[in-house]
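A.B. asks: Test case, fold it:
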Amino acid sequence: MPRPFLVRYAGLAGSLLLAVAAWLGGASSPWKPNVTPGTIFAGANGVLLPVSWLVGTLLLIGAWWAGRRHVPSVRWAFVTAALWAAPLLPFLPLASYDVYSYACQGWQQAAGLDPYQGGLDLLGCPWPDAVSPTWRQTPAPYGPVFLVLAALAAKLGGGSLPLTVALLRLIAVIGVAVIGWCLPVLARRAGVPPERAVWLVLACPLVPIHLISGAHNDAVMIALIVAGLTVAQAATTWPKMVAAGVLLGLAVGVKATAVVVLPFALLLLPGRLWQRVLALGGSALAALAGVSLVAGLGLGWVTALSGSGVSVQWTSPPTAVGLTLELLGVPSAVPVTRVLGVITLAVVLVVLWVRALTRSPLHHAGLALAATVLLAPVFHPWYAIWPLAVLAATLRTETRWLVAPCAVAAALCLPDGYNLALVTKAQGAVGMTVLAGFLAWKVLHEAKNNPRRPGVAHGGGDRPHRAP
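C.D. replies: Numbering: from 1, shown residues only. Presented below is the predicted three-dimensional model:
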């Protein structure tokens, strides 16, 4: 049998097993942490649930990894990714309860309340028991664009939680479809095989597990980012420049972290720097302000972002370094290392932007997203898709360093959302600290021994360089 056949159907078998895991132990309402390492070892859920999750995850990851070196065509990649996603659509969300938070925040917005003014305990919701206790007192940390979409799902859901979740999942599926539409375009322009780019992103296990089954709003943010970059890269007229700004502004209106892409998108546009800033920055700001005005919301979502730092896990390198220092006896190190991580991120973003002046802005936009994910105080597995969606379309060389972290991230969450990082806190923190130290040394070592060669685009050319 041909290798593509084995890859496709091994992954499909994995997806079917994950569908069984979602049916038996996915994120259910009311909230109940029914799958943890303790319940697995105690046999509380029987054997079928943990075995389905474990084997299904390994098959899906293995098929994705094996298939990356030989993808027959773009169409084959699309069909295979769709086959892997389809079995998860009818069942409970996998690996996270976040979609229930979205449903409640959408209901609040639809009811004329302000989700930025408080959590479920203050504003109420018809389905409070479905939301994880960690987030019941937390205001919505998402932008007005997503709250409007969530409100639409809640309205059309007519008070039914399953229907509201199904509509939120439909929104995520549309987001993934937009990503798939843009990827071949970006890849061809960068001289990257489009079939490989589509495969690396859409067939990545994080997509069916977290974006489609879990219905994470990252699907919408990523779709708007890649659509904005696609338009910006081909923008030769003022209307196209404005359209790119609107799309990227809407991406920021889903999650504020999308803002790191805007400076790199400026470098894709023609004209003088002030003209680019006016067209892209002005339209992005106008789009964001317009949605906020229509939704009746201000900028409360920016201050609400502080609530997302409640999670303390070694999967964030700055947090891991802090946890390791605390293990060595340094008190309250995590808040300090998190601040240092944010400061480091600011420096890295500036360096990347300066490098992008003479190299590929699109590729460096992907690197900026990667830096944001790595240096942020909190990391959740689905965050790895942010840089993947851009770097897969711009990276010409070996992709193993891009694929390996996504493969590890895809295996971190149990069916109902329990993160295995919680039971490996000390070991994971030390391991991540060592890895972070090694990577930092490697980057500095290579920067010292490999001087820059202006004009060389490591990720593929976007367009001839224009001076700002």
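A.B. asks: Tell me the buried residues in stretch 142-157?
C.D. replies: Buried residues in stretch 142-157, counted by 16 or more other C-beta atoms under 10 Å: 142-155, 157. C-betas here are computed from N, CA, C, even on glycine.
A.B. asks: Now do that stretch: distance to the chain's middle.
C.D. replies: Its chain's average C-alpha position is 19 Å from that of stretch 142-157, according to C-alpha atoms, centre = their mean, to the nearest Å.
A.B. asks: Which residues does it contact?
C.D. replies: With C-beta atoms under 8 Å, 6 or more residues apart in numbering as the test, stretch 142-157 has contacts from 102-103, 105-107, 109-110, 115, 140, 163-164, 166-168, 171, 217, 220-221, 250, 252-256, 288, 291-292, 294-295, 297, 301.
A.B. asks: Quick check: mean pLDDT of it?
C.D. replies: For stretch 142-157, mean pLDDT rounds to 96.
A.B. asks: start the count at 51, not 1, going forward
C.D. replies: All set: I'll call the first residue 51, so the last point we hit is now stretch 192-207.
A.B. asks: mind saving the C-alpha coords of it as PDB?
C.D. replies: Extracted C-alpha coordinates of stretch 192-207, given in PDB (Å, rounded to 0.1, in the frame of the first residue of the first chain):
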ATOM      1  CA  TYR A 192     -11.300  38.600  24.600                       C
ATOM      2  CA  GLY A 193     -11.800  41.500  22.200                       C
ATOM      3  CA  PRO A 194     -15.200  42.900  21.100                       C
ATOM      4  CA  VAL A 195     -15.000  41.100  17.700                       C
ATOM      5  CA  PHE A 196     -15.200  37.700  19.300                       C
ATOM      6  CA  LEU A 197     -17.800  38.800  21.800                       C
ATOM      7  CA  VAL A 198     -20.100  39.900  19.000                       C
ATOM      8  CA  LEU A 199     -19.600  36.500  17.300                       C
ATOM      9  CA  ALA A 200     -20.300  34.700  20.600                       C
ATOM     10  CA  ALA A 201     -23.400  36.800  21.200                       C
ATOM     11  CA  LEU A 202     -24.600  35.800  17.700                       C
ATOM     12  CA  ALA A 203     -24.100  32.200  18.600                       C
ATOM     13  CA  ALA A 204     -25.900  32.600  21.900                       C
ATOM     14  CA  LYS A 205     -28.900  34.400  20.200                       C
ATOM     15  CA  LEU A 206     -29.200  31.900  17.500                       C
ATOM     16  CA  GLY A 207     -28.800  29.100  20.100                       C
END
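A.B. asks: Give me the neighbour count for R125.
C.D. replies: Counted by other C-beta atoms under 10 Å, the residues lying close to R125 total 10.
A.B. asks: Distance of it relative to P234?
C.D. replies: 10 Å (C-beta to C-beta, to the nearest Å).
A.B. asks: list residues touching both of those two?
C.D. replies: Joint contacts of R125 and P234 (C-beta under 8 Å, 6+ apart) do not exist.
A.B. asks: Could you measure from the spatially most central residue of the chain over to L256?
C.D. replies: Residue closest to the average C-alpha location in the chain (C-alpha atoms, centre = their mean): Y433, at 3.4 Å. In this view, Y433 and L256 are 9 Å apart by C-beta to C-beta.
A.B. asks: ok so, going back, and the contacts of stretch 192-207, which of them are buried?
C.D. replies: With burial judged by 16+ other C-beta under 10 Å, the buried subset of the contacts of stretch 192-207 is 152-153, 155-157, 159-160, 165, 190, 214, 216-218, 221, 267, 270-271, 300, 302-306, 338, 341-342, 345, 347, 351.
A.B. asks: Restricted to helices, list those.
C.D. replies: Judged by DSSP state H, the subset of those located in helices is 152-153, 155-157, 159-160, 214, 216-218, 221, 270-271, 300, 302, 338, 341-342, 345, 351.
A.B. asks: Tell me the secondary structure at the closest residue to A442 other than its chain neighbours.
C.D. replies: In space, and not counting its chain neighbours, A442 is closest to L250: 3.9 Å by C-beta to C-beta, 6 or more residues apart in numbering. Taking DSSP: H, G, I helix; E, B strand; the rest coil as the rule, one finds L250 in the helix state.
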